[in-house]
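A.B. asks: here is the input, now give the coordinates:
(one chain, ligands or ions: 1)
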Amino acid sequence: MRQAWRVADVRAAEKALMATLPAGTLMQRAAAGLARRCALLLSESGGVYGATVVLLVGSGDNGGDTLYAGATLASRGAGVRAILLRPDRVHLAGLAAFRRAGGVTVGDLPDRVDLVVDGIVGIGASGGLREPAAALVRRLPGLRGRGGARPPVVAVDVPSGVAVDTGDVPGDAVHADITVTFGCLKPAHVVGAAAVLAGHVELIDIGLSETLHGDPAVRVPDAADIASWWPRADAGSDKYSRGVVGIATGSATYPGAAVLSVTGALAGPTGMVRYAGSADRDVVHRHPSVVVAPRVADAGRVQAWVCGSGLGTDDGARTELRSVLATSLPVLLDADALTLLVGGQHATDLRRDAPLVITPHDGEFARLAGERPGADRVGAACRLAAWINAVVLLKGDRTIVATPSGEAWANPTGSPALATAGSGDVLAGLLGSLLAAGVPPERAAIMAAYVHGLAGRRAERDGPVTSPDVAAALRPVLAELL
Ligand SMILES: NC(=O)C1=CN([C@@H]2O[C@H](COP(=O)(O)OP(=O)(O)OC[C@H]3O[C@@H](n4cnc5c(N)ncnc54)[C@H](O)[C@@H]3O)[C@@H](O)[C@H]2O)[C@@H](O)CC1
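C.D. replies: Model (predicted):
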């Protein structure tokens, strides 16, 4: 598991650490790591010696890191040019070191560039990128380097132009290939549009972990977490002890939603899937192992319910939702179930003791919360989770899982391939199976999002992706992961 920390916590940790070290030590550590990464990148594409490197240098310590790293590259024979965005407020010691090593300052981007280092602004950023930095950033995609290729862009700490604590991108921003960050991850590396602009994020250890205190803003699971949390059958297991998940999805109009959510559930850890609803024939036809019933009330015993996908919003759907919420079992609500909730008829049913997970996309989130998630997706998801006392899985490129107590996770495995009809139905089924197997709701949500994301990526290898492809990819992905 990795953790991303807010700027205020990072600043406090840096201050505490700096008090124990000679002045400038942290910047030297940061710059050394940055220079090493840049040199590696250049040596992979023609060498450091003779390469043209452009530094975009802002007025703070982010610019200082960049100048020191530029000095190292210049001393190794690269032609390093620095554009000082605020010459009057540049990091003076960094600039002196840069010039001593043979670096030169220039007023504009050179014709040929082999590497761009973005040191305009780091965690000291406030608001959208200001001019003239914004205009410079807009020109970066037009640059050309060795062999006419677009030069790689390395962002220092964070890509300039992003909101560090939320991952929002309010305007022009650097699109980095690699972000070299120091001490710890920040939210902009893992959530929102900023996470995409950060590219591949590499963490340089500057000794901060000892002095970081409190709770991280966002946690990020990795494959080892998912594998260690996944319930496994053992020699003593039977189909009931592994858990039975109930699926109340689909309708005569949307039988496919039932099939997809059941397919997702069958890839999960439970020993049995029960289906309740009017798509029962379609479900049995596709999945003979599933036990079907026409209604939730007739379904028999389960340990968790999934309700919503393709259910419709008529009186029959309302009855099914009410039946599910009346149980004392963990419940996952998706799609039409969320729409039904908004009518308010079920608001009181939500005050239940048993776990509840909801899986809205932005539109459903807006209907539930009264407004779209906005710039701070993690904050918005946490507020809704606290308000309805449920785990909220807010879908997106970096899906967020938020708990009522304010803990947030970002899923790192998302893929645009998942933006396809029915993909959410597959996710809901898988998540429900994890709930029925006894996995705590926030963990079930994180695990399902992670595996679902990997399945999207795997399906993508074979061309355009439909949701049955995502469902079919769950098993091979789990076989590799577990
Ligand atoms: N504090 C420390 O111990 C360490 C800090 N380090 C570096 O220092 C950075 C933080 O340095 P600073 O606190 O000086 O802040 P930054 O260098 O991130 O930015 C501050 C400067 O950027 C300008 N600025 C702010 N928002 C802007 C915007 N939207 N558009 C254009 N310009 C804007 C401000 O006028 C200010 O002068 C980190 O990101 C990291 O790169 C590293 O050297 C590691 C150690």
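
A.B. asks: contacts only, for the residue in the stretch 151-300 of the chain that the ligand sits nearest to.
C.D. replies: Closest approach between the stretch 151-300 of the chain and the ligand, counting by C-beta to the nearest ligand atom: residue 157, at 3.6 Å. Backbone N, C-alpha and C define where each C-beta goes, glycine included. If a contact means C-beta atoms under 8 Å, 6 or more residues apart in numbering, then residue 157 has 30, 62, 65, 122-123, 179-182, 186 as its contacts.

A.B. asks: what does the helix or strand hosting residue 117 rub up against?
C.D. replies: When secondary structure is defined by DSSP states H and E, residue 117 falls within strand 115-119. Contacts with strand 115-119, where a contact means C-beta under 8 Å, 6+ apart, come from 34, 38, 41-42, 51-58, 62-63, 65-67, 69-70, 137, 140, 143, 145, 151-156, 159-160, 174, 176.

A.B. asks: run through who's touching the helix or strand just after that strand.
C.D. replies: Using DSSP H and E, the next helix or strand after strand 115-119 towards the C-terminus is helix 133-139. By C-beta under 8 Å, 6+ apart, the surrounding residues in contact with helix 133-139 are 56, 58, 83, 85, 109, 118, 120-121, 128-129, 160-161, 171-174.

A.B. asks: looking at those residues, which is nearest residue 398?
C.D. replies: Set against residue 398, the nearest of those by C-beta to C-beta is residue 173 (16.0 Å).

A.B. asks: now that closest one, nearest residue through space, not along the chain?
C.D. replies: residue 161 (2.8 Å; C-beta to C-beta, 6 or more residues apart in numbering).

A.B. asks: next one: residue 397
C.D. replies: Residue nearest to residue 397 in three dimensions, not counting chain neighbours: residue 414, with 4.9 Å by C-beta to C-beta, 6+ apart.

A.B. asks: neighbours of the one you found, just the number please.
C.D. replies: 23 (other C-beta atoms under 10 Å).

A.B. asks: ok, the one 4 residues further on next?
C.D. replies: Residues near residue 418, counting by other C-beta under 10 Å, number 26.

A.B. asks: test my guess that it contacts residue 454.
C.D. replies: No: counting by C-beta atoms under 8 Å, residue 418 does not reach residue 454; the two are 10.4 Å apart.

A.B. asks: strands of the stretch 301-450 of the chain, start to end?
C.D. replies: 304-307, 331-333, 356-358, 391-394, 400-402, 408-410 (DSSP state E, counting those that start in this stretch).

A.B. asks: need the contact partners of the first one.
C.D. replies: The reference is to strand 304-307. 243, 245-249, 261, 265, 296, 320-321, 324, 327, 329-334, 337, 428-429, 431-432, 435-436.

A.B. asks: narrow the residues you listed to just the buried residues.
C.D. replies: Among the contacts of strand 304-307, those buried by neighbour count (16 or more other C-beta atoms under 10 Å) are 243, 245-249, 261, 265, 296, 320-321, 324, 329-334, 337, 428-429, 431-432, 435-436.

A.B. asks: what ranges does the stretch 201-350 of the chain have for its helices?
C.D. replies: 223-229, 255-266, 280-286, 315-326, 336-342 (DSSP state H, counting those that start in this stretch).
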